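> Return a 3D structure for these sequence lines:
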Amino acid sequence: MSGWDAIGIGLVVRDIFVLMDRFPSPDEKMSARELHEAGGGPVPTALVTLARLGRKTAIAGLVGNDAVGRFIRDGLENENVDTSAVTVREGFESPTSVIIVENGRRTILEAPHEIGFPLDWDDVRGLPLDDCDALLVDARTVPVQIEAARHVRRAGGLVVLDCGHPRDGVEELVSASDIAIFSHTYPSALHGADYDVDAFLSDTIERLPKDGPAIVGVTLGADGCAVASRETEVVRAKAPVVNALDTTGAGDVFHGAFTHAYLKTRSIAESARFANAAAAKKCEGMTGRAPIPSEEELWSAG
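Numbers count the residues shown, from 1 in each chain. So this is what the prediction gives:
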């Protein structure tokens, strides 16, 4: 058993949420129902989920020496995610996204791409790469994440990839991951909206390391998920029916909950059901950091 349950390397952001009754028309002025500010990012939110489930977690990321950066770090620390490996860089602008939520849907306005994510190997040396059960990565800084993945796998840990859209270097990172779970938007972008889920899973499994569990999944929104491994058939798990208010961060929560459950059970079917329950329950609240039920309630709901 390692000293750390899960560590992560990934994009850390501030999210500003605007809840609307409907999407505004051009030049229209209208009142928002609610405004929220929360930390975001796939890896940070997954680690927050793991920390809420009692796991010991830490993250390496990049923020500027500004108020937004302090907000991001404070939010993670308040959730018991260790931020000692978060780099504070002078001259870097901590990123902010604006998310408009209406009728259970969300529209995300990301920070300008030219901000970049200049994280390098020296920035992640503070992570316990040789003393963790799982490393979570998001394909945002691929060379650094691949090197970290090699360290973690050599020490016996698992590498868990979360990717929603095709990016440069993703395929190389897939080949260094033990568990790769994609949003449905990923295969849709590659193969069209009518892609064959089973074929995508089967093809991707063959690109994962031969000496690991080789688990691949696709999250399907309200339809739950499909997950498979080299040793098992495709498992399709339905999501619990909830009154969804905000779907932001559902996939991130899914990754955190799946990692927690798999470390505990080594069963992809049980892990999929547990992760579906956590992601669905999150959607009942605003922001990606909305509360989730206790572990016992999630096992029952799944």
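> Where does the prediction get shaky in the stretch 1-150 of the chain?
Along the stretch 1-150 of the chain, the parts satisfying pLDDT under 70 run over 1, 113-116.
> the helices in it, which residues?
42-52, 67-78, 121-124, 142-154 (DSSP state H, counting those that start in this stretch).
> Please convert these to CSV, extending it with mean neighbour count and distance to residue 96.
The C-beta positions use only the backbone N, C-alpha and C, and glycine is treated the same way. Below are those laid out as CSV (neighbours: other Cβ atoms under 10 Å; distance: least, Cβ to Cβ, whole Å):
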stretch, mean neighbour count, distance to residue 96
helix 42-52, 29, 14
helix 67-78, 18, 6
helix 121-124, 15, 21
helix 142-154, 19, 23
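> of all these, which lies closest to residue 261?
helix 42-52 (10.4 Å; Cβ to Cβ).
> what angle do that closest one and helix 142-154 make?
Going by axes from the mean of the first three to the mean of the last three Cα atoms, to 10 degrees, helix 42-52 is angled at 40 degrees with respect to helix 142-154.
> helices and strands around helix 42-52, which ones?
Other helices and strands packing on helix 42-52, by 3 or more Cβ pairs under 8 Å, 6 or more residues apart in numbering; DSSP states H and E, are strand 4-9, strand 57-60, helix 67-78, strand 81-82, strand 132-137, strand 158-163, helix 250-265.
> Between the helices of the stretch 1-150 of the chain, which one is closest to residue 265.
helix 42-52 (14.8 Å).
> Report the inter-axis angle for the closest one versus helix 250-265.
Going by the same axes, to 10 degrees, helix 42-52 makes 50 degrees with helix 250-265.
> related to what we said a few turns ago, go through the helices of the stretch 1-150 of the chain and name the closest to residue 189.
helix 42-52 (16.5 Å).
> and the closest one, C-alpha only, in CSV?
C-alpha atoms of helix 42-52 as CSV (Å, rounded to 0.1, in the frame of the first residue of the first chain):
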residue,chain,number,x,y,z
PRO,A,42,-10.7,17.6,-14.9
VAL,A,43,-7.9,16.4,-12.7
PRO,A,44,-8.5,18.8,-9.8
THR,A,45,-12.2,18.0,-9.7
ALA,A,46,-11.5,14.2,-9.8
LEU,A,47,-9.0,14.6,-7.0
VAL,A,48,-11.5,16.6,-4.9
THR,A,49,-14.0,13.7,-5.5
LEU,A,50,-11.3,11.2,-4.3
ALA,A,51,-10.5,13.4,-1.2
ARG,A,52,-14.2,13.6,-0.3
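> Centre of the chain to that helix, how far?
Put simply, helix 42-52 sits 7 Å off its chain's centre (Cα atoms, centre = their mean, to the nearest Å).
> Can you list the low-confidence ranges for the stretch 151-300 of the chain?
For the stretch 151-300 of the chain (pLDDT under 70), the answer is none.
> any idea where the helices of it begin and end?
170-174, 185-191, 197-205, 250-265, 268-282, 295-301.
> Show me the one of those that comes nearest residue 229.
helix 268-282 (5.7 Å).
> now the closest one: how far from the chain's centre is it?
With Cα atoms, centre = their mean as the basis, helix 268-282 stands 14 Å off its chain's centre.
> other SSEs contacting it?
strand 215-219, strand 225-229, strand 235-237, helix 250-265, helix 295-301.
> can we see that at 7 Å?
Helices and strands touching helix 268-282, by 3 or more Cβ pairs under 7 Å, 6 or more residues apart in numbering; DSSP states H and E, are strand 225-229, strand 235-237, helix 250-265, helix 295-301.
> sorry, back to before: want to throw the helices and strands packed on helix 42-52 into JSON lines with distance to residue 211?
Converted to JSON lines, these look like this (distance: least, Cβ to Cβ, whole Å):
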{"stretch": "strand 4-9", "distance to residue 211": "20"}
{"stretch": "strand 57-60", "distance to residue 211": "25"}
{"stretch": "helix 67-78", "distance to residue 211": "32"}
{"stretch": "strand 81-82", "distance to residue 211": "29"}
{"stretch": "strand 132-137", "distance to residue 211": "16"}
{"stretch": "strand 158-163", "distance to residue 211": "12"}
{"stretch": "helix 250-265", "distance to residue 211": "17"}
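> Nearest to residue 292, out of those?
Shortest distance between residue 292 and the helices and strands packed on helix 42-52, using Cβ to Cβ, is found for helix 250-265: 6.7 Å.
> Determine the set of other helices and strands touching that closest one.
If contacts are counted by 3+ Cβ pairs under 7 Å, 6+ apart, helix 250-265 sits against helix 42-52, strand 132-137, strand 158-163, strand 179-183, helix 268-282.
> Go through those and pick out the most buried.
Of the helices and strands packed on helix 250-265, the one with the most neighbours on average (mean count of other Cβ atoms under 10 Å) is helix 42-52, at a mean of 29.
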